[in-house]
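[1] okay, sequence plus prediction incoming.
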Protein chains: 2
Amino acid sequence: MERSIFASAANVSERLEQPPALAISTVIFALRPSESSGRPTLWLPLVRRIREPFKGLWALPGGPLMQSQSLQDAAATNLADTTGLAPNYLEQLYAFGGLHRSPSQRVISIVYWAMVQPTEAALAQESDNVRWFRADGLAELAFDHNQIVDYALWRLRNKMTYGSIAYHLLGETFTLAQVREVYEAVLNRTVDPANFRRQLKQTAHIEATDEFLQGGKHRPPRLYRYTGEPNAENSGSPPSIS
Amino acid sequence: MERSIFASAANVSERLEQPPALAISTVIFALRPSESSGRPTLWLPLVRRIREPFKGLWALPGGPLMQSQSLQDAAATNLADTTGLAPNYLEQLYAFGGLHRSPSQRVISIVYWAMVQPTEAALAQESDNVRWFRADGLAELAFDHNQIVDYALWRLRNKMTYGSIAYHLLGETFTLAQVREVYEAVLNRTVDPANFRRQLKQTAHIEATDEFLQGGKHRPPRLYRYTGEPNAENSGSPPSIS
DNA sequence: ACAAAAGTGTTTTTTTTACACCCATGT
DNA sequence: ACATGGGTGTAAAAAAAACACTTTTGT
């Protein structure tokens, strides 16, 4: 099994029988104010393809897998190169291995998805070939990346409905209303503030600070802090995975 | 493919090494009567390693990835080779890519998990190098396959708690009590028959036949049939994934 | 003083759980 | 007829949703 795997696959007419290429890609989510309403919405960074196939189209940030990196490390590197940020949350999404995902060579992409905080650093990274887009209503992307983004969105929403991962899209401290806004932005529906507050207070890994957010128009809300592991998924995985 | 942003990272020392090997493995679950109690329990087939590393230890069935096969097809082939059965349910589990999973070469395993029906065919397939084991309390397996089985078990239990996938471990028709037994075996706790019945009746994709299971000691229970797609997960995935 | 969001309390509704009870069949 | 699992009914408990109301700040 784990050695000479490709020995038996020797009779197809393809050139040289090179094994499928392995790539790592990452769907990176961050919160940014909508241009129109100003309310926070989901955005993700894409990179422009500078060669064929799909030259000129936008695609998920990705790259080859280095021998010295674990899959997760590769995705984190990927993320840092694109956004300049360290991931606040990083999880494997899926291994996409359809036969004709790439028109030329067969490519198997192990895709991760991540959440990062909306720092100014994210803005600074924008260039002609790296740009942020709203997560919904994307134009046609390269390869099967539209499907991948859809799946990542589905997973994000799913985890958010029963799981406490919304904090990973926020900064160090945050108000409960901000958490609620994340839910409303991601799940695309309104949430009752009173009930939401109670639910959050029941969940673990969230701790009240003794500070309040100043500068608002009204009564200053208390700030809270997330105390769980930076990259821990409170609902969705076994102890440890390599 | 998407190596644009990685042009700079290409000068590491280990350059000319062969790329990581790609393997497909499958965790196959089936229901079999326990030796002791006779009640249905979870079993899975393992194959004995006939070469180093881990020669002699038991491992998950796995094999190379043919160029002409999609990942899912490769897993299905895998499954047929080991059990002689067609999968009743097949889903990608995870891509394991830790650096030192295999002592010799670096191997990235894309692992699927499956459910098959407890047919006699399964028994016939047993040989000296293929054997079924109880899913819990496995001995030490080759590579990181213990972890992988644990994760697959976790996923199976998770999907079963909110999702209707138990049918895939049963035959064409089944009684509601049999479905309940599956739940009890997998989740390892008792379930109230009355409430369980009601919950099932609410879910879709389950249809009453006009037949009854004869030959029992008591009142013959009605037989039901699963009407969903053979391989569809009613809770856990987007439309289609390649 | 007033508007508006922060935060608390209470009621209503829905879902889950527990369990009493009748039904049908083999022995 | 009786023991046993199949199947139905119903009430208690818990969780979720709806909504009235009080508090605190900026203007």
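    All right, it came through fine.

[2] quickly list what A:Thr175 is bridged to.
    When bridges are assigned using DSSP bridges, the partners listed for A:Thr175 are A:Leu223.

[3] check contacts around it.
    Under the criterion of CB atoms under 8 Å, 6 or more residues apart in numbering or on different chains, the contact partners of A:Thr175 comprise A:Leu213, A:Pro221, A:Arg222, A:Leu223, A:Tyr224. Quick note: C-beta positions are derived from backbone N, CA and C, even for glycine.

[4] and which of those is nearest to chain B?
    Ranking the contacts of A:Thr175 by separation from chain B, with CB to the nearest CB as the measure, puts A:Tyr224 on top at 28.6 Å.

[5] you'd agree the closest one is up against A:Ala208?
    Yes: counting by CB atoms under 8 Å, A:Tyr224 touches A:Ala208, with 5.6 Å between them.

[6] what about the two, which has more around it?
    When neighbours are counted by other CB atoms under 10 Å in any protein chain shown, A:Tyr224 and A:Ala208 differ, and A:Tyr224 comes out ahead with 21 against 11.

[7] and the more buried one, how far from B:Met115?
    From A:Tyr224 over to B:Met115 the distance is 42 Å, taken as CB to CB, to the nearest Å.

[8] circling back: ok, and the most crowded of the contacts of A:Thr175?
    Highest neighbour count within the contacts of A:Thr175: A:Tyr224, with 21 neighbours (other CB under 10 Å).

[9] what residues are up against that one?
    Contacts of A:Tyr224 were listed using CB under 8 Å, 6+ apart, and they are A:Thr173, A:Phe174, A:Thr175, A:Leu176, A:Val179, A:Ile206, A:Glu207, A:Ala208, A:Thr209.

[10] list buried residues within the residues you listed.
    Buried subset of the contacts of A:Tyr224 (neighbour count, 16 or more other CB atoms under 10 Å in any protein chain shown): A:Phe174, A:Thr175, A:Leu176, A:Val179, A:Ile206.

[11] the first one: what's its closest spatial neighbour, skipping adjacent residues?
    Leaving out its chain neighbours, the residue that sits closest to A:Phe174 by CB to CB, 6 or more residues apart in numbering or on different chains is A:Tyr224, at 6.0 Å.

[12] A:Ser164 versus that neighbour, what's the distance?
    Shown here: A:Tyr224 relative to A:Ser164, a distance of 12 Å by CB to CB.

[13] quick one: the helices in chain A?
    A:71-83, A:120-124, A:145-161, A:176-187, A:193-202 (DSSP state H).

[14] return the set of buried residues in the first one.
    For helix A:71-83, a neighbour-count test (16+ other CB under 10 Å) marks A:Leu71, A:Gln72, A:Asp73, A:Ala74, A:Ala75, A:Ala76, A:Thr77, A:Asn78, A:Leu79, A:Asp81, A:Thr82, A:Thr83 as buried.

[15] what is the end-to-end distance of stretch A:85-98?
    31 Å (CA to CA, to the nearest Å).

[16] how far is that stretch from where the chain is centred?
    What separates the centre of stretch A:85-98 from the centre of its chain is 7 Å, taken as CA atoms, centre = their mean, to the nearest Å.

[17] pop the domain breakdown of chain A in here.
    Partitioning chain A according to automatic domain parsing yields domains covering residues A:16-160, A:164-226.

[18] could you check the angle the top strand by length along chain A makes with strand B:21-33?
    Secondary structure assigned by DSSP state E gives strand A:21-33 as the longest strand of chain A. Regarding strand A:21-33 and strand B:21-33, their directions subtend 80 degrees when assessed with axes from the mean of the first three to the mean of the last three CA atoms, to 10 degrees.

[19] thinking A:Val107 is in contact with A:Ser25, fair?
    No: the criterion here is CB under 8 Å, and A:Val107 misses it with A:Ser25 at 9.9 Å.

[20] which of the two has more neighbours?
    Under the neighbour definition other CB under 10 Å, A:Val107 and A:Ser25 were set side by side, and A:Ser25 has more, 25 against 20.

[21] what separates the closest residue to that one other than its chain neighbours from A:Val27, distance-wise?
    If the residues on either side of it in the chain are set aside, A:Ser25 comes closest to A:Gly62, at 3.3 Å by CB to CB, 6+ apart. Separation of A:Gly62 from A:Val27 (CB to CB): 10 Å.

[22] got a list of what A:Ile24 touches?
    Residues counted as contacts of A:Ile24 (CB under 8 Å, 6+ apart) are A:Gly62, A:Gly63, A:Pro64, A:Leu65, A:Leu71, A:Ala74, A:Ala75, A:Asn78, A:Ser109, A:Ile110, A:Val111, A:Tyr112.

[23] leaving out sequence neighbours, find the closest residue to it.
    In space, A:Ile24 is closest to A:Ala74, 4.4 Å off (CB to CB, 6+ apart).

[24] repeat that for A:Ser104.
    Leaving aside its sequence neighbours, A:Ser104 sits nearest to A:Pro53 (CB to CB, 6+ apart; 6.1 Å).

[25] which residues does the one you found contact?
    If a contact means CB under 8 Å, 6+ apart, then A:Pro53 has A:Ser102, A:Pro103, A:Ser104, A:Ala142, A:Phe143 as its contacts.
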